[in-house]
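Peer 1: only geometry, no sequence info:
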């Protein structure tokens, strides 16, 4: 893998195969749900988490890794003088990148911390790009420069099926939530600038999927699509038709899978995330 180690967090929605193949180091966030404390994707898998969340009266709480945990990892990886690039979920939704910066200041290792400004597979696009560059012998500085370009070429959209978690998380008012539920509105938001930004309102799953597909066609026209990701929190009703539409349009293998419990906490059940990277 060269002498630059790639670190990220569990919200990247990486497969175990990708983690092993690229020798990635994934630090889990923690989740408090149903009176128990779990490590994301270590002792809590997405499907189990959705069951726990459905039975819980309170919104589960997620926490970033402790700086000490990250610092210990950095010190171990950098003990031979190797560089480290640590890429994390958007600072607009979590303090994970800040924890990584604190950890970097606690160690003598050469650590470059990057706020991806994204989550899920949009974060993974940057992680996998960094791993590929590391394998080719790129330096941490070269990797950081390239990831800035990847961020500019990435789009991410989230569609929620229920507004309940957004209300509990303080991201939308109760009155608007009641109105939205009454009208069965499916809010669509982007993660432009690393923050949850509403961009459209659909009145059905079909309308939501059509909007996402149209945005994809519009924004990737004349470009090379280098990555597509579909994730969901039990949102197969939107994920599956979107996957079929992409395949029919010549983009098979986009795949779909459950997103991290940390992300599902924010979106609520039935949500999907759609992201792509095109240059």
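Peer 2: Nice, thanks for sending it over. These numbers were taken from a predicted model, which means no experiment stands behind them.

Peer 1: okay, CA-based contacts and neighbour counts for the rest of this
Peer 2: Will do.

Peer 1: What's the local residue count around residue 214?
Peer 2: Residue 214 has 10 neighbours, counted by other C-alpha atoms under 10 Å.

Peer 1: gap between whichever strand or helix holds it and the chain center?
Peer 2: Secondary-structure assignment from DSSP states H and E places residue 214 in helix 205-220. Chain-centre distance of helix 205-220: 19 Å, with C-alpha atoms, centre = their mean, to the nearest Å.

Peer 1: how about the strands in this protein?
Peer 2: Using DSSP state E, the strands of the chain run over residues 4-9, 25-27, 30-33, 36-39, 61-63, 83-88, 110-115, 154-159, 186-190, 197-202, 225-232, 257-258, 272-278.

Peer 1: Which elements pack onto the fourth one?
Peer 2: Secondary structure elements in contact with strand 36-39, counted by 3 or more C-alpha pairs under 8 Å, 6 or more residues apart in numbering; DSSP states H and E, are strand 30-33.

Peer 1: low pLDDT regions in the protein?
Peer 2: Residues of the chain that meet the criterion pLDDT under 70 lie in 1-2, 162-184.

Peer 1: any idea which residue of it is furthest from its center?
Peer 2: In terms of distance from the mean C-alpha position of the chain, residue 80 ranks first, at 30.9 Å (C-alpha atoms, centre = their mean).

Peer 1: surely residue 62 meets residue 29?
Peer 2: Yes - shown here, residue 62 and residue 29 form a contact pair, counting by C-alpha atoms under 8 Å, at 6.9 Å.

Peer 1: hey, what's in contact with both of those two?
Peer 2: Residues touching both residue 62 and residue 29 (C-alpha atoms under 8 Å, 6 or more residues apart in numbering): residue 262.

Peer 1: mind listing what's buried in stretch 242-262?
Peer 2: Of the residues in stretch 242-262, 242-243, 246, 255-262 count as buried by neighbour count, 16 or more other C-alpha atoms under 10 Å.

Peer 1: How far off centre is it?
Peer 2: Its chain's C-alpha centre and that of stretch 242-262 lie 15 Å apart, by C-alpha atoms, centre = their mean.
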